[in-house]
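[1] requesting a structural model of the entry that follows:
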Amino acid sequence: ARPVGSMETPEVPAATYERRVVRSGAEHHYLRVRLELPDGGARPSVAQFKQLVVSALRELHGEVGAALPVDVLTYEEKTLSAILRVISSGLVKLWSALTLLGFYQNRRCAFRVLQTSPFLLALSGNSRELVLD
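    Numbers count the residues shown, from 1 in each chain. Sure thing, here's the model as predicted:
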């Protein structure tokens, strides 16, 4: 016990720091992608687009990759743009498969991942595409 009126301060334990990495608890991730076909030609339908995504997964990750649940939520045939939904654990597999795909029907092509987010609402608007009057 300290005497009354003592100027001693109680000992404070040294601060301890703990590193915490918080991963998103989201079940799905969403990707806004665009397929680039430099030489023009026929544009894939939504079914062909989905098949192209599955074949890209199969090519890089085999049958296990092709079984990854990927949904095409929106697809614009005019711009070849789509919003894809994938389970969060499969995001890296999907992204890498799309990045490494180089051909569609023996024509050069490239997928561009424009945006990705665990929240679909985040992909609903893009400030870079805003048209101000």
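
[2] so residue 81 makes contact with residue 43?
    No. With contact defined as CB atoms under 8 Å, residue 81 does not count as touching residue 43 (11.3 Å). Where you see a C-beta, it was placed from the backbone N, CA and C, and this is true even at glycine.

[3] the residue nearest the centre of the chain bridge partners, please.
    Nearest to the geometric centre of the chain sits residue 116, at 3.9 Å (CA atoms, centre = their mean). Per DSSP bridges, the residues bridged to residue 116 are residue 31.

[4] now the helices for the protein?
    For the chain, applying DSSP state H gives helices covering 46-66, 91-100.

[5] and the last one, what's buried?
    Along helix 91-100, the positions that meet the burial threshold by neighbour count (16 or more other CB atoms under 10 Å) are 91, 93, 94, 95, 97, 98.

[6] which intervals of this protein have sub-threshold pLDDT?
    Within the chain, the stretches with pLDDT under 70 are 1-10, 20-24, 126-133.

[7] so where do the strands sit in it?
    Under the criterion DSSP state E, strands of the chain are mapped to 28-36, 70-76, 81-87, 103-104, 107-108, 110-117.
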